[in-house]
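*Asks:* How does the following fold in three dimensions:
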Amino acid sequence: MWAGRAEAYLGSFAGLCAHPAGTLLDAAGVGVGCRVLDVGTGPGTVAALARERGAVVVAVDAEASMVEAARRRVRGVRVAEARLPELPFEGGAFDVAVANFVVNHVGDPAAAVRELRRVVRPGGRVAVTIWPQPAPPLQRMWGEVLEATGLAPVATAAHGQTPAAGEAPVTVGTRLDTRGEAGVRGHGPTGTPPVGGRVRVSAERDFARTAEGLAGLLAGAGLTGVRCETVAWTHRVGVDEWWTGPANGLGALGMVLDGQPVAVVERVRRAYDQVSAAYLGADGRLALPTAALLASGTVTGP
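*Replies:* Numbers count the residues shown, from 1 in each chain. Below is the predicted model of the structure:
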């Protein structure tokens, strides 16, 4: 889903995902001189904010176009291509590791958090964010659009979860009701294609996308003093701007739309306009209530 689409992400979901960045750094205790590793940096939003606080920042992302975008946008930060759970750093190399909406995109969340812990020194901090389940209104809106058009992703087998904005659908297939529309294509019974996007998590490796589930994930990785909080806000964005994400193949809706005939995309856009009208504010922009889970903990011992 993300391959070569950094610019599309910047024009759509980047603003949404940027909102918890300051709170994430607060939870990690990032300040002047702090050695910070930003994993899954995307266009470098969290890395830039950490640098503004006087931290010494290294940022990594698994997608080459994101790495290039971060290098263009963020000064004074070393940016490299790397992915969880195999980071190219010595154990204890950092004071802090942060991952903003990353743990919900990996095939082995527990291994990913253990790797974050490994690269942080004893006494250092790890902080992460994810989208919760049940999904808040912003994320549910995409499901309403899919249902209105007869294209609806099947929930994951692990926890009955449906993907949030900015995530690829983790499905066992895409249920389609073509309603007479020829040429509508789904992902088929084998599930999400393994080309970019969020990796499907097996039931034995998945975790509940709740405060308790996320806190348990961090505690299970050996972090202590784990705390988890809900960060809630209203995302305000133009109707056309918000559509550019799915139109460019991003998010749950984008994965369904990718490669569909023009007639299908137009039908979904009409449904989007109808559903999103309920969220229009007085200024003509969408006012979309949403929330994220933010968990943090301390590294103790080797």
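
*Asks:* Name the residues of the helix ranked longest in the chain that come out as buried.
*Replies:* Ranked by residue count and defined by DSSP state H, the top helix of the chain is helix 262-276. Neighbour-count burial for helix 262-276, with 16 or more other CB atoms under 10 Å as criterion, is recorded at 264, 267-269, 271-272, 275-276. The C-beta positions use only the backbone N, C-alpha and C, and glycine is treated the same way.

*Asks:* can you check stretch 85-95 too?
*Replies:* If you call a residue buried by 16+ other CB under 10 Å, then stretch 85-95 has these buried ones: 85, 87, 89, 93-95.

*Asks:* just stretch 72-85 next, same as before
*Replies:* Going by neighbour count (16+ other CB under 10 Å), the buried part of stretch 72-85 is 73-74, 77, 79, 82-85.

*Asks:* Could you report the separation of residue 111 from residue 35?
*Replies:* 23 Å (CB to CB, to the nearest Å).

*Asks:* follow-up on the earlier one: now the buried residues of helix 262-276 as CSV including pLDDT?
*Replies:* Shown next, in CSV, are these (pLDDT from 0 to 100):
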residue, pLDDT
264, 87
267, 91
268, 91
269, 93
271, 93
272, 92
275, 94
276, 95
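
*Asks:* Any idea how many residues pack against residue 260?
*Replies:* With neighbours defined by other CB atoms under 10 Å, the count for residue 260 comes to 18.

*Asks:* Check for me that it belongs to a helix.
*Replies:* No. Using DSSP: H, G, I helix; E, B strand; the rest coil, the secondary structure at residue 260 is coil, not a helix.

*Asks:* I'd like the mean pLDDT over stretch 247-254, please.
*Replies:* Per-residue pLDDT over stretch 247-254 has a mean of 77.

*Asks:* Could you work out the end-to-end span of it for me?
*Replies:* 6 Å (CA to CA, to the nearest Å).

*Asks:* do stretch 102-122 as well
*Replies:* 23 Å.

*Asks:* Buried ones in it, by neighbour count?
*Replies:* For stretch 102-122, by 16+ other CB under 10 Å, it's 102-110, 112-120.

*Asks:* how much space between residue 72 and residue 79?
*Replies:* Separation of residue 72 from residue 79 (CB to CB): 10 Å.

*Asks:* quick one, strands of the stretch 51-200 of the chain?
*Replies:* 56-61, 78-81, 94-100, 120-130, 151-153, 174-176 (DSSP state E, counting those that start in this stretch).

*Asks:* okay, those, which one's buried deepest?
*Replies:* Comparing those by mean neighbour count (mean count of other CB atoms under 10 Å), strand 94-100 comes out on top with a mean of 27.

*Asks:* Now tell me what touches it from outside.
*Replies:* Here strand 94-100 makes contact (CB atoms under 8 Å, 6 or more residues apart in numbering) with 17, 20-21, 24-25, 28-30, 34-40, 42, 45-46, 50, 55, 58, 84, 112, 116-117, 119-121, 124-129.

*Asks:* Where does pLDDT dip in this protein?
*Replies:* For the chain, the stretches with pLDDT under 70 are 1-12, 152-200.

*Asks:* Would you mind measuring from the residue nearest to the spatial centre of it to residue 301?
*Replies:* The chain has residue 101 as the residue nearest its centroid, 3.7 Å off, counting by CA atoms, centre = their mean. Distance, residue 101 to residue 301, using CB to CB: 28 Å.

*Asks:* circling back to that earlier point, helices and strands around the longest helix of the chain, which ones?
*Replies:* Packed against helix 262-276, as judged by 3 or more CB pairs under 8 Å, 6 or more residues apart in numbering; DSSP states H and E, are the following elements: helix 137-149, helix 239-247, helix 251-257.
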